[in-house]
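# Everything below, folded, please.
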Amino acid sequence: MIHDLTITLDENTLPFPDSGDPRMRWQHLVDHTAYKCQVSLFSLVTHLGTHADAPLHFVKNGKTTAAIDLGRYSGQAVCLEVPDIPTDKHLDISDVLEKNSAFIRPGDIIILSTGWEDKVGTPEYFNFPEFDPGVGAVLEHYEAHGIGFDLPSIDRKGDAHQSVLTRDMGIIESLINLKPLIGKRFYFSAVPLKFSDGDGSPVRAYAVTD
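This next block holds a predicted model:
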C-alpha cells in the first residue's frame with residue numbers, strides 16, 4: 001500500500017513566517033483554450049510545504065540537493081510516536097529512540113509523528129517546538145541516514161539543523177498522514193529535485209507498506 005505523506009501545494013499554502021511573501025506562483029503559458037495541451041510556469045521557495053533540507057541550507061559550502069546521497073532521503077524507515085511534545089522547551093528525542101532501540105536498524109530514516117500535522121494550514125502550525133541541538137548526535141548513535149517529521153522545521157535559529165546537516169543526514173519537514181504508520185517499518189521516499197545549487201526542495205513524500 002502506498003501512503004501519500006505530502007502537503008498539497010497551491011497559491012494559498014502558508015510560507016514560513018518572517019520570510020517575506022514567497023507564496024507559490026502559478027501561470028499557464030499554454031492552456032486548453034487555444035491549444036491541445038497545458039504548459040505552466042511556477043515559482044516557489046525551496047522550503048515550502050513538504051520539503052527536504054540539504055546540508056547547504058545551514059552549512060556553508062555544504063552539499064547541494066544535486067550532490068547529497070539520495071539514500072539520505074529514501075530507503076528503509078521506521079515511524080515512532082512522540083507523545084505530549086513540549087512547546088516551552090526543546091524536543092529531546094533520545095528517550096523515544098532508546099525506548100524503540102530494538103526496532104531501529106542502521107541506515108534507517110527515522111520518521112517522527114508528533115500530531116502537529118493537525119495544525120497544517122493554520123497560523124498555529126508555525127508555533128512549533130524546536131528540536132534539541134544535540135539531535136544529530138542522537139541520530140548518529142543509531143546510525144540513522146535521516147530524519148523526517150510532521151513539524152514545519154527542525155528549529156528556527158539553526159543549531160539543530162547544523163547538528164544533523166553537518167553529518168550529511170537528510171531532513172524532511174512538514175510530513176502529513178503519519179499516524180497510520182506509527183510502529184511500522186516501511187520503504188520511504190522523499191528525494192529532492194536535482195538543483196545544482198539546491199539548499200532544499202519540495203518533495204512528493206510517500207511510504208510503501210506491505
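# so how far does stretch 163-173 reach from one end to the other?
End-to-end distance for stretch 163-173: 15 Å, by CA to CA, to the nearest Å.
# Using PDB, write down the CA coordinates of stretch 115-127.
What follows is stretch 115-127, C-alpha atoms only, in PDB (Å, rounded to 0.1, in the frame of the first residue of the first chain):
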ATOM      1  CA  GLY A 115       0.400  15.000  15.900                       C
ATOM      2  CA  TRP A 116       1.400  18.500  14.900                       C
ATOM      3  CA  GLU A 117       0.200  17.800  11.400                       C
ATOM      4  CA  ASP A 118      -3.300  18.500  12.700                       C
ATOM      5  CA  LYS A 119      -2.400  22.200  12.600                       C
ATOM      6  CA  VAL A 120      -1.400  22.400   9.000                       C
ATOM      7  CA  GLY A 121      -3.000  25.400   7.200                       C
ATOM      8  CA  THR A 122      -3.300  27.400  10.400                       C
ATOM      9  CA  PRO A 123      -1.100  30.100  11.800                       C
ATOM     10  CA  GLU A 124      -0.600  28.000  14.900                       C
ATOM     11  CA  TYR A 125       1.300  25.500  12.800                       C
ATOM     12  CA  PHE A 126       4.300  27.700  12.900                       C
ATOM     13  CA  ASN A 127       4.300  27.900  16.800                       C
END
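# mind listing the strands for this structure?
2-4, 25-30, 39-43, 51-53, 74-81, 109-113, 146-149, 170-173, 185-189, 200-202, 206-208 (DSSP state E).
# a markdown table for these, including distance to F126?
In short, each C-beta sits where N, CA and C put it, glycine included. Shown next, in a markdown table, are these (distance: least, CB to CB, whole Å):
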| stretch | distance to F126 |
| --- | --- |
| strand 2-4 | 23 |
| strand 25-30 | 21 |
| strand 39-43 | 22 |
| strand 51-53 | 14 |
| strand 74-81 | 22 |
| strand 109-113 | 18 |
| strand 146-149 | 14 |
| strand 170-173 | 12 |
| strand 185-189 | 25 |
| strand 200-202 | 17 |
| strand 206-208 | 24 |
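# wait, which of these is closest to D10?
strand 25-30 (7.6 Å; CB to CB).
# Could you list the paired strands of that closest one along with their orientation?
strand 39-43 (antiparallel) (DSSP bridges).
# Contacts made by the partner strand with the rest, please.
The contact list for strand 39-43 (CB atoms under 8 Å, 6 or more residues apart in numbering) reads 24-30.
# my read: Q162 touches F58, true?
Yes: judged on CB atoms under 8 Å, Q162 makes contact with F58 at a distance of 5.0 Å.
# So for the two, which sits in the more crowded spot?
F58 (22 against 19; other CB atoms under 10 Å).
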